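Engineer: Have a look; sequence and predicted model below, questions after that.
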Amino acid sequence: MPYENPAALRITSPGLCRDATFSSKHALHLLSWNIAGWSAKQKNLDLIAHLNKSDIIFVQEMWSTQNLTLDGFSITCLPATPSLPKSKGRPKGGLALLISTSTSARIKSLSSCNNIAMGVLLSYNTISFLLINVYIPPYSSRVLTDQAWEDLDRYITDLEAQSPRALLIIMGDFNARIGPNNDALFASNLWGGEVIDHYSSIYGRISKDSRINYGGICLTRLIGSRNLIMLNGLNQVDPCAEYTYISGQGSSVIDYALISQHLLKTILKFTVGNRQDSDHLPLTLSICLPERGRLTFAHNQMANPLHYTHKRTFWSPLVASNVALFLTSPSGLAIKEKITNATNPFSVLTDYDTLISKLKMSLMLPSPSHRAINRTGLPRWFDKDCLDVKRQLRQTYLHYRLQNANTLPPEYFIIKKKYKSMIVTKKRQAVHEGWKALIHASRTKNSKSFWELVSGSMRPSNLAPCHISSHT
């Protein structure tokens, strides 16, 4: 392979943290996911539990003009934009960066790049990370594609100039396909005669995706010009080189994780996850932190406090019981002992922050809602039939991963089609039943049922802005 980097091939295990100044005991866990709509998934407790395993979350295509909220995270959002003029049509795009309040880091929200990228500077005592979340739509023309990638390149240049010592981590959905390996990529006629010798230092990699598009050429230019490392398919880091997008139209690798060269020695793990909540699969990345990296207690110092949201807590016997239960538990008593026996202020602040984070789970009760919710946090129409098909879909995908096959089995797409069709049918049936119940409450003059049904459907996200004139 003439374009492989010999240095990359000599790496015996990039997945191991080999620098003495970094420790695997202090790891930072990142997740990037094109979630394909946040509002429909935010009540899914299983999904929320999965997200809570990460310290930093890159979210693409949240499809909401409202800011995303999630307890325990400092959140910076780039809301979606309406797909039609005059704020009409389903919102498209939308990015969010979520950083756990337990990371003990300074967080600075940075400017955004049109509607395709946003950044955050994350600083510890001895190290800073420049986090950039990207979503580049699948443009239909090269002119628009070139413009988006040029904008992204200038944006990264500006942010790096502001924080020249920060280590770069770029994750997101690029809608770029770069073929099975570098040989195929550089042999593509999409380069149009461009001299590509200066890209020969790009690290060797493999992929299950055999196709190349113009976005892939733009992505390669970005990687080569900035001397970045792509983790997807990198030898020893991602040997399976899995698809990141799966649909009935085909599978592809379009979601990527890019890092600075200096971060390679800190990589603990990089994987493509197994979640069937979106057509995109999540990317997970774990990196080592410096030994002293978690001593800074300043994660509440945010550039924009409006991104930090709170929920009102109503005191009740149940809340009091939950708090008392935690404070007398082994975990609560252990934290209390650490605080009372601490020998320095940093330990006190860190342990106190841990106590507050744990108490939130006792204090934050589910918001009142008149919509029927089952124990998984999903709407009641998402019944056992839906759960069984979703479980079957996940198991089929897991079996494919265990076999390390090159293509997904046909039955996976059959089950997925059945799953999506079932969800549409169940949801329509639930809406129909809701209307029947509303009409019945109106005809029988049952005001209590009527207003419960109406208030359950009048959530803020469903209401259009209302302008009342001064004469009213």
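Structural biologist: All right, it came through fine.

Engineer: Do you know the pLDDT at residue 243?
Structural biologist: We have a pLDDT of 95 for residue 243.

Engineer: Then residue 388?
Structural biologist: At residue 388, the model reports a pLDDT of 91.

Engineer: count of residues packed around it?
Structural biologist: Neighbourhood size, residue 388 [other CB atoms under 10 Å]: 12. Placement of C-beta: from N, CA and C, glycine included.

Engineer: May I ask which helix or strand encompasses it?
Structural biologist: helix 384-403 (DSSP states H and E).

Engineer: So residue 151 sits against residue 113, correct?
Structural biologist: Yes: Residue 151 is within contact range of residue 113, at 5.6 Å (criterion: CB atoms under 8 Å).

Engineer: I'd like the distance between residue 321 and residue 263.
Structural biologist: Distance from residue 321 to residue 263, counting by CB to CB, to the nearest Å: 46 Å.

Engineer: Check the offset of stretch 408-420 from the chain's centre.
Structural biologist: Mean C-alpha position of stretch 408-420 versus that of the full chain (CA atoms, centre = their mean, to the nearest Å) differs by 24 Å.

Engineer: quick revisit: what about residue 151 and residue 113, which has more around it?
Structural biologist: Set residue 151 next to residue 113 and count neighbours by other CB under 10 Å: residue 113 wins out with 22 against 15.

Engineer: Excluding residues flanking it in the chain, which one is nearest that one?
Structural biologist: In space, and not counting its chain neighbours, residue 113 is closest to residue 155: 3.8 Å by CB to CB, 6 or more residues apart in numbering.

Engineer: Could you tell me how far the host helix or strand of the one you found lies from the centre of the chain?
Structural biologist: In this assignment (DSSP H and E), residue 155 forms part of helix 142-162. In terms of CA atoms, centre = their mean, the centre of helix 142-162 is set 22 Å apart from its chain centre.

Engineer: Surely residue 268 and residue 288 touch.
Structural biologist: Yes: between residue 268 and residue 288 there is a contact under CB under 8 Å: 6.1 Å.

Engineer: ok, those two, which is more surrounded?
Structural biologist: Using other CB under 10 Å as the criterion, residue 268 and residue 288 rank with residue 288 on top: 23 against 17.

Engineer: Mind telling me what element the more buried one is part of?
Structural biologist: Using DSSP H and E, residue 288 maps to strand 283-290.

Engineer: tell me the contacts of the residue nearest to residue 113?
Structural biologist: By CB atoms under 8 Å, 6 or more residues apart in numbering, residue 155 lies in contact with 113, 117, 119, 132.

Engineer: give me that answer again for 10 Å
Structural biologist: 110, 111, 112, 113, 114, 116, 117, 118, 119, 132, 134 (CB atoms under 10 Å, 6 or more residues apart in numbering).

Engineer: can you check residue 121 too?
Structural biologist: Contact partners of residue 121, counting by CB under 10 Å, 6+ apart, are 105-110, 128-131, 159, 162-163, 166, 303.

Engineer: From these, pick the one nearest residue 399.
Structural biologist: Nearest to residue 399 out of the contacts of residue 121 is residue 131 (CB to CB; 34.4 Å).

Engineer: Any chance of the contacts of residue 155 in CSV with secondary structure, pLDDT and distance to residue 280 as columns?
Structural biologist: As requested, the contacts of residue 155 are arranged in CSV below (DSSP: H, G, I helix; E, B strand; the rest coil; pLDDT from 0 to 100; distance: CB to CB, whole Å):
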residue, secondary structure, pLDDT, distance to residue 280
110, strand, 94, 25
111, strand, 93, 26
112, strand, 94, 21
113, strand, 95, 21
114, coil, 90, 21
116, coil, 95, 16
117, strand, 96, 17
118, strand, 96, 18
119, strand, 96, 21
132, strand, 97, 18
134, strand, 97, 13
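
Engineer: what pLDDT, on average, does the strand holding residue 288 get?
Structural biologist: Rounded mean pLDDT across strand 283-290 is 88.

Engineer: Could I get the CA-only coordinates of the helix or strand following it as PDB?
Structural biologist: Note on strand 283-290: by DSSP H and E, the next helix or strand toward the C-terminus is helix 317-327. Extracted in PDB, the C-alpha atoms of helix 317-327 (Å, rounded to 0.1, in the frame of the first residue of the first chain):
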ATOM      1  CA  PRO A 317     -42.700  12.400  52.000                       C
ATOM      2  CA  LEU A 318     -41.400  10.300  49.000                       C
ATOM      3  CA  VAL A 319     -38.600  12.800  48.300                       C
ATOM      4  CA  ALA A 320     -37.700  12.900  52.000                       C
ATOM      5  CA  SER A 321     -37.600   9.100  52.200                       C
ATOM      6  CA  ASN A 322     -35.400   8.900  49.100                       C
ATOM      7  CA  VAL A 323     -32.900  11.400  50.500                       C
ATOM      8  CA  ALA A 324     -32.800   9.700  53.900                       C
ATOM      9  CA  LEU A 325     -32.400   6.400  52.300                       C
ATOM     10  CA  PHE A 326     -29.300   7.600  50.300                       C
ATOM     11  CA  LEU A 327     -27.700   9.400  53.200                       C
END
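
Engineer: what about the next helix or strand after helix 317-327, average pLDDT?
Structural biologist: Note on helix 317-327: by DSSP H and E, the next helix or strand toward the C-terminus is helix 330-340. In this model, helix 330-340 has a mean pLDDT of 83.

Engineer: Repeat that for stretch 81-88.
Structural biologist: In this model, stretch 81-88 has a mean pLDDT of 72.

Engineer: That'll do, ta.
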